[in-house]
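> okay, structure incoming, though there's no sequence with it:
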């Protein structure tokens, strides 16, 4: 009999990732299921079988929390109950992706949730090996760095897993400090215990990519996929013209044979300046395409998170009241916030909680870890409220930090605020007066226009009357002339007409 441990249970940033208690509790439930893949039980019985706390009431509370958590992550389903002794029927949901079979006997050999979780992280991979940094282990275990180191050491000392130290490279991360590759953690098969480190070292030095299961975060490539590349490409077509899509396949494939062929052609093309330019251009475009896809993937992932941070190794970690205290601020690079208040979408460097500097035309930040620590404390308080971090809340946290460390800044802001308020009041008074003045001017102008219009109308009436009088006099004059012509002949003296107007 075996337990199905799905890959998503220990996958970075997956919405169905389980913590140490959830994985252990799920495994316990799996051992209790019937042939119908159901568990018939009740809260009291589960509290007797699965012990997380020696105090009964606290243990029952923990059992209920884990049941709800697994239900929320769509791992299990069950009917609601009012009493702890009421029958509960638990069924297991269908989960996408591969899984590893963990024998009942192996699971029952563990009495520590962390030992079991670390074992599963290594055992679920194809080669039974993982290449993890301490930051990655911290994320998986949801512990601080000292706690993580302690848990790993204990598991290694017990012989549950083995560790091979990462080699130091020529690259310097700090002055006089070389960069170290990630450690390799692996399981030793029982029938090959006598081979110990010798075979492991040989495997690793031969080809770390072929023998080590590398868990890649924020990448759309499955590290378990060792099969031949199925996407279309031109790497095997001799003399073919390579495209951005070909370079994208090269960057994202897990086919080692294809990688070697691609690198052979790339090195051949780069031998002249023109070829070098073409390769660099196509590679840059492919890298941008990969970054854009990763960015979109991150955005979709962030939509499922309430609050999140990005660690310095690039890992995005969802944070809540359960794991926020275990994260070391020194490992945090950015904090995500919501710009529109709908979902997380933007990140800000944690350095912004320090004063800015400007030297030689370059902006920077003062080294104030105490201010960063205070900002982190305020951020933790906010995360524990369950509310999503918004832009306004982030600015509020930043203002509080600066006000606490620079009290005079707070007083200056008060003075500025009072002055601005007084100026605003003065401006409003002036505005009201000017508006009233404009209103009076408009009324005066309207009155003048009406008065002018009335005068013009009166003048027009007088002119019209005068014109009518002239026309009347003219008609009367013509009538009189017509009458006199009828009385006098043409030879008569008509000089008297000159006297007429």
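Done, it's in. Keep in mind it's a predicted model, so treat the numbers as computed, not measured.
> CA only for contacts and neighbour counts going forward, please
Will do.
> now stretch 149-164: mean pLDDT?
Across stretch 149-164, the average pLDDT comes to 89.
> let me redo that: stretch 89-108
Here the average pLDDT along stretch 89-108 is 90.
> how far does that stretch stretch from start to finish?
Start and end residues of stretch 89-108 are separated by 23 Å (C-alpha to C-alpha, to the nearest Å).
> off-centre distance for it?
Averaging C-alpha positions (C-alpha atoms, centre = their mean, to the nearest Å) puts stretch 89-108 31 Å from its chain's average.
> what's next to it, contact-wise?
Stretch 89-108 has contacts (C-alpha atoms under 8 Å, 6 or more residues apart in numbering) with 1-8, 27, 31, 37-41, 74-79, 116, 123-125.
> try 6 Å
Stretch 89-108 has contacts (C-alpha atoms under 6 Å, 6 or more residues apart in numbering) with 1-7, 38-40, 75-78, 124.
> and that stretch, which residues are buried?
Residues of stretch 89-108 classed as buried: 90-92, 99-100, 102, 107 (neighbour count, 16 or more other C-alpha atoms under 10 Å).
> what does stretch 143-151 give?
The neighbour-count check on stretch 143-151 (16+ other C-alpha under 10 Å) flags 143-145, 148, 151 as buried.
> what of stretch 18-29?
Neighbour counts over stretch 18-29 (16+ other C-alpha under 10 Å) mark 18-29 as buried.
> and for stretch 337-352?
Under 16+ other C-alpha under 10 Å, the buried positions of stretch 337-352 are 337-338, 343-347, 350-352.
> now do it, average pLDDT.
According to the model, stretch 337-352 has a mean pLDDT of 86.
> return the distance of that stretch from the chain's centre.
Computed by C-alpha atoms, centre = their mean, the chain-centroid distance of stretch 337-352 equals 7 Å.
> and the contacts of that stretch?
Against stretch 337-352 from outside (C-alpha under 6 Å, 6+ apart): 302-303, 333-336, 389-391.
> for residue 258, give me its contacts.
Residues counted as contacts of residue 258 (C-alpha under 6 Å, 6+ apart): none.
> now with 10 Å, please.
Contact analysis of residue 258 by C-alpha atoms under 10 Å, 6 or more residues apart in numbering lists 228-229, 233, 235-236, 249-250, 264.
> can you add neighbour count and give the residues you listed back as CSV?
Listed next are these as CSV, based on neighbours: other C-alpha atoms under 10 Å:
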residue, neighbour count
228, 12
229, 17
233, 18
235, 24
236, 11
249, 23
250, 23
264, 12
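> of the buried residues of stretch 18-29, which pair is most distant in space?
Distances among these were taken as C-alpha to C-alpha; the most separated pair is 19 and 29, at 15.4 Å.
> which stretches of the stretch 301-450 of the chain form helices?
For the stretch 301-450 of the chain, the helices defined by DSSP state H, counting those that start in this stretch occupy 369-384, 391-405, 407-487.
> and the ones you listed, which one's lowest on average pLDDT?
helix 407-487 (a mean of 64).
> check the offset of stretch 270-290 from the chain's centre.
Put simply, stretch 270-290 sits 30 Å off its chain's centre (C-alpha atoms, centre = their mean).
> still on that earlier bit, using ChimeraX, define a selection of the buried residues within the contacts of stretch 337-352.
The ChimeraX command for the buried members of the contacts of stretch 337-352 (criterion: 16+ other C-alpha under 10 Å) is given here:
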select :302,333,334,335,336,389,390,391
